[in-house]
Each structure stands twice: as C-alpha cells, then as structure tokens.
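Undergrad: below is the sequence, then the predicted model.
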Amino acid sequence: MTPLRIGNASGFYGDRFDAVREMLTGGRLDVLTGDYLAELTMLILGRDLLKDPSGGYAKTFLRQMEDGLGLAHERGTRIVANAGGLNPAGLADALRTLAGKLGLPTRVAHVEGDLLPPEPGVLTANAYLGGAGIAACLAAGADVVVTGRVTDAALVTGPAQWHFGWGPEEYDRLAGAVVAGHVLECGPQATGGNYAFFREHAGRDLLRPGFPLAELYEDGSAVVTKHPGTGGFVDVGTVTAQLLYETGGARYAGPDATARLDTVRLTQDGPDRVRIDGVRGEAPPPTLKVGRCRIGGHRNEVVFVLTGLDIDAKAALVREQVGAALAADPPAEVRWELARTDREDAATEETASALLRLVVRDQDPGKVGRTVTGAAIELALAGYPGFHVTAPPGKGAPYGVFEAASVPAADVPHTAVLPDGTRVAVPAPARTRALEAVPEPELPPPLPAGPVVRAPLGRIAGARSGDKGGDANVGVWVRTEAEWRWLAHTLTVDLFRELLPETRTSEVVRHVLPNLRALNFTVAGLLGEGVASQARFDPQAKALGEWLRSRHVDIPDALLPSTARPDLPEELP
C-alpha cells in the first residue's frame, strides 16, 4: 500500500499564517493537519465563547481556508484540524458557508463529545479524544474534518486509521502513528526551530524553517521530512528534540494506544529525511485526560528599573515602601523577583539597569488594582534615585488556572458528525491497560576516568523543555555513544537539582531512554497552576532546558573537540 503523506501547517493558535498555502503548494500531500489548541488556548477560547456564543473556535483557521479550501480541492488533499476548539459544529457550519461562497463542493465533517459539563467555577472542561472519530469522518468522504480537543497525535492517527484500515487493537502500528504525530504537531520544531545546536547549521536557512511532513507506512513506520526548497533542516537531532518535548517516561499514553518511547529507533535516511521505526505499542489506558480551565483570581504586575550603583539597596527600599503602602489590606500573594541584568561600568543605560518585578494576586480585583497602582506610582518622586518603571501599571486582570484530571473513556460521548449530518458514536476501547512505570533500563558502562574540562553542559548535550499544566519537563540528549556513557552516569537527579536550584523543592523524576541517548526529567509543580497563571518568569518552561545547558559541569576532555571548547565565540559564524 502506498504511504500516507501527511503534513502539518500549524503548531499553535497564532502560528505562521501562510503555512497552509506553503504546505499545499510545496509538494504532494494526502492530508494536511493543523494543531491550534493548547492549554492556554482553551482558556482564551472559553472567554471568547462567553462574549459570543457563536464563537469559541480558531478564527485564524477559517481565514486560512479562504485560500486553502480551493488549493486543497485542486490537489485532492484532505484537511484535518482541531481548530474547532469549544465549538467544532460552529466552525463546520462556517466552513460550509465559506465553501458555498467560493463555489466549492467541499464536504465538511466534525468530531464532538470532548466538551464535558463544567463543574462550578470551571470555565471549560474537555476530554482528550483519539483519532477514531476523524477516521470515521474521512471514511464517509469528508474533505475537511474539524475537531475540538483531541490529542495532538490524533490528527495523524485518525487519517492513518482511515488510510490503512487499521483496527483499534493494532497497537504497534497505532503507536508508530502516535510518535509520528508527536513529531509533526509543533511544526518547525521538527525542522530546526528552537533547536539547541542551531549554530552548527549556520549555512542552512534558519530564518524561516519549513513545516514538517511524514511519509507514514502501513506497518506504522514513518519518514519525517519537509517540502523541497523550504527552510530549516530535518536530522536525527531535530526529531529527537521534538520526541522529548512535553513527554515524560517511556510510556507515552494516548486514547488510541500507549507508545513505548523506549522502543523508538531514529536513523538518517538521506538529506532532510529521518526514519522512525521499531515503535511498540500497548493498549490505551482506561481513562481519558481531561483539561479544565477556570479563572483563578486577579493579578497585577509592576517592573521597576534600578540603574547604576546600589542595586540591592534600591530594591530593598522600594520593597519596603510598597510593602508599607499595602500593609493595611495586602493582596493574598505578593511576589518580588530581582533580575540582575545590570553590568558594572556599563556603556549604555539599559545594560547598567536591573529589573525588580512585583506580582500580586488576589480573588478581589480591588486588592490588585488601584491600591497596587497607587503604591507604585506615588513613589515616582519619593523613591530610589533614578525611579522609573517599564510601563505604567494597569488595573489588574483575571488570570487562568489549568487543571488536569481524568474520566473513564466509556463515559465520554465521542461522536463523528459526517458530512451528511449523520451522527456516529465512536466506541471506547474494548481493551485497556493501566499505566505503570517501566523498569529502569540498564545503563551503559561508564567512561574510564580521565582529564576533564569545566564547561557548559550544552557544549555536548542538547535539550528541549516545556510544560504540562503545573509541571515542567526537560529532555536532554547527546549524539554519540561515548557522550551517552558519560551523560547517563553524570546527570543524576541530584546534579539536576544542583544545576537548577529553582527545582530543589519540587519532585524531580528522571526517565532513561537509551535508544534516543536521552534523559527526560519531569519537575512537578514548578509552574504553579499552569501557564495561564503566569506563576514564573518563564511560565511554560520553554527555556528551562537552555538554562540547564548553560550551567557548567566537568566534561571529559575527550568529549570536547576543539570546535566545542568553552572559548568558542558566541557570534554566529
């Protein structure tokens, strides 16, 4: 059977607008997918829906389809996207209206059932569905399928089930599609975007990485590549980085199958081609993940600029002054953070300045509004020398909280609504397997003792990090067997905590993935109540891995070629 060529044109709501045209015109595709949903996006769409009951979906996708529907029709490409958000039926109707205006015979279907009745205080509650509903819509002749909250990988597993006719218990094949879907879901992150070793590819077009596609085969294996002539690159490193992104242990659970990440094999299959095979799968868990968004309260923020001498004393003064002004009725949470971005004897005022950030939170909007604003601004002529702020403080705004829960899969009314309006119930899996950790794999033999060089970990190790609710993950990998023998024995949980002191009070778990020469660390609770609560300077932990790579460790001299020594110039060649 011919492989399924499936590409992606969106990694988040707000991704590159012209990617749909680029992917549809750059080469042959059987299916084009788009991932528009994230934890923060669901909160945004929930607030949109309160303002306009006919909304609640990704309006960008609808605008992209003004051009995309005709291109897809000309090329025979099916489109599958989760842009329906909280209202897939509404988006499907809007697409039909658009197709009619364009004079196109586009058949539109949608998948629903993920939207759960919210509990008191909850703005949205959505179960993460699998790909079977998408497959049913495609089998009924749909040209476009839009969904609400499905797993990101379901945008690939659904078309794969339709194209190859896989049954619900062909776990190895389904797991292969899950892995391919996870690689594609974040778009250019698989083609050189956000890549740790980008400096080694300075000759490539890194200004505008292309979007990825996969050639998916009937046995579940795949080749990740991109359209000819597009920017960026695809190699084992870019695919490894994306595989580690926002995952945890060896078992990567999904509603279609649980993929064993410890079985994944990656091999370079030519320029800009990486083969994925060997993936083993297991029955999915009996429950579906549920994402719940609620309004957590109100917050406000002021960033004071401290310039020149006596930075610590200036920070102490303003903290004391603001604290005294708020003492009568303080907000429930008051956080200060001093970022020493200043340099001694600096050549510019900006590089002579540090930033002192004040964040306040409370259920009462009044306690974070005028009271805080007044406390800050009234210091303009009565504070530290050189007083100013980065922007005038506002009146405060509501912030969101994301919570992960679970629900029995059998309790969720997963429904495919076909192009003719027929509603087809998608049954829950007949066989399931509860998740459990895999036994710790055997480590490779350690490197023999020898001379070491104190250098940043990132001179030999790549990393990619991200968020899952309030938890963070940091995937770390190396590229040679010698480097793996060193990393596996060196980067322990204790050293991880020592290098990243902010994690010392969190539960940190290390997962070992020898096939990928990788370690994946999960850090519980580092991000507070999730990205929407903005509890941390880097609320999605996007740069946590880069911070880790910048920390200095003792690296065997033999692992540091001359081009990777600490005196490597910082500028791009």
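TA: Done, it's in. Residues are numbered from 1 along each chain as shown.
Undergrad: could you use CA atoms for every contact and neighbour count after this?
TA: Noted.
Undergrad: quick one, helices of the stretch 201-350 of the chain?
TA: Using DSSP state H, counting those that start in this stretch, the helices of the stretch 201-350 of the chain run over 236-244, 311-326.
Undergrad: low-confidence ranges in the stretch 451-573 of the chain?
TA: Applying pLDDT under 70 to the stretch 451-573 of the chain picks out residues 562-573.
Undergrad: all helices of it, in order?
TA: For the stretch 451-573 of the chain, the helices defined by DSSP H, counting those that start in this stretch cover 481-490, 493-499, 544-550.
Undergrad: do the same with the stretch 1-150 of the chain
TA: 19-25, 39-51, 59-75, 88-102, 132-139.
Undergrad: just to revisit the earlier point, export the helices of the stretch 451-573 of the chain to JSON lines and append columns for distance to residue 453.
TA: Below are those laid out as JSON lines (distance: least, Cα to Cα, whole Å):
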{"stretch": "helix 481-490", "distance to residue 453": "13"}
{"stretch": "helix 493-499", "distance to residue 453": "17"}
{"stretch": "helix 544-550", "distance to residue 453": "14"}
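Undergrad: wait, which of these is closest to residue 99?
TA: Smallest distance to residue 99 across those (Cα to Cα): 44.1 Å, for helix 544-550.
Undergrad: wait, residue 4 sits on residue 161?
TA: No. Residue 4 is beyond contact range of residue 161, at 10.5 Å (criterion: Cα atoms under 8 Å).
Undergrad: so those two - more neighbours on which side?
TA: Using other Cα atoms under 10 Å, the more surrounded residue of residue 4 and residue 161 is residue 161, with 24 against 20.
Undergrad: could you pull out the strands in the stretch 301-450 of the chain for me?
TA: 333-339, 353-362, 388-389, 397-408, 415-417, 423-425 (DSSP state E, counting those that start in this stretch).
Undergrad: and those: which comes nearest residue 152?
TA: Nearest of those to residue 152, taken as Cα to Cα: strand 397-408 at 15.9 Å.
Undergrad: show me what the closest one is in contact with.
TA: Residues outside strand 397-408 that contact it (Cα atoms under 8 Å, 6 or more residues apart in numbering): 39-40, 43, 127, 286-300, 365, 469-470, 529-534.
Undergrad: want to try CSV for the strands of the stretch 301-450 of the chain, with distance to residue 510 as columns?
TA: Shown next, in CSV, are those (distance: least, Cα to Cα, whole Å):
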stretch, distance to residue 510
strand 333-339, 29
strand 353-362, 32
strand 388-389, 41
strand 397-408, 21
strand 415-417, 38
strand 423-425, 40
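Undergrad: between those strands, which gets the lowest average pLDDT?
TA: When the strands of the stretch 301-450 of the chain are compared by mean pLDDT, strand 397-408 comes last with a mean of 92.
Undergrad: and of the strands of the stretch 301-450 of the chain, who's closest to residue 13?
TA: strand 397-408 (17.4 Å).
Undergrad: help me confirm that residue 46 comes into contact with residue 58.
TA: No. Assessed by Cα under 8 Å, residue 46 is found out of contact with residue 58, at 11.4 Å.
Undergrad: what touches both of these two?
TA: Counting by Cα under 8 Å, 6+ apart, nothing touches both residue 46 and residue 58.
Undergrad: pull the number of nearby residues for residue 45.
TA: Using other Cα under 10 Å, residue 45 is surrounded by 22 other residues.
Undergrad: who touches it in this structure?
TA: Residue 45 makes contacts with 55, 56, 57, 58, 85, 86, as judged by Cα under 8 Å, 6+ apart.
Undergrad: measure it to residue 64 for me?
TA: As for residue 45, its distance to residue 64 is 18 Å (criterion: Cα to Cα, to the nearest Å).
Undergrad: go through the strands of the stretch 301-450 of the chain and pick out the most buried.
TA: Highest mean neighbour count among the strands of the stretch 301-450 of the chain (mean count of other Cα atoms under 10 Å): strand 415-417, with a mean of 24.
Undergrad: centre of the chain to that one, how far?
TA: 27 Å (Cα atoms, centre = their mean, to the nearest Å).
Undergrad: which elements pack onto it?
TA: Counting by 3 or more Cα pairs under 8 Å, 6 or more residues apart in numbering; DSSP states H and E, the packing neighbours recorded for strand 415-417 are strand 108-112, helix 132-139, strand 423-425.
Undergrad: swap the cut-off to 10 Å and go again
TA: In terms of contacts (3 or more Cα pairs under 10 Å, 6 or more residues apart in numbering; DSSP states H and E), strand 415-417 is packed against strand 108-112, helix 132-139, strand 144-147, strand 423-425.
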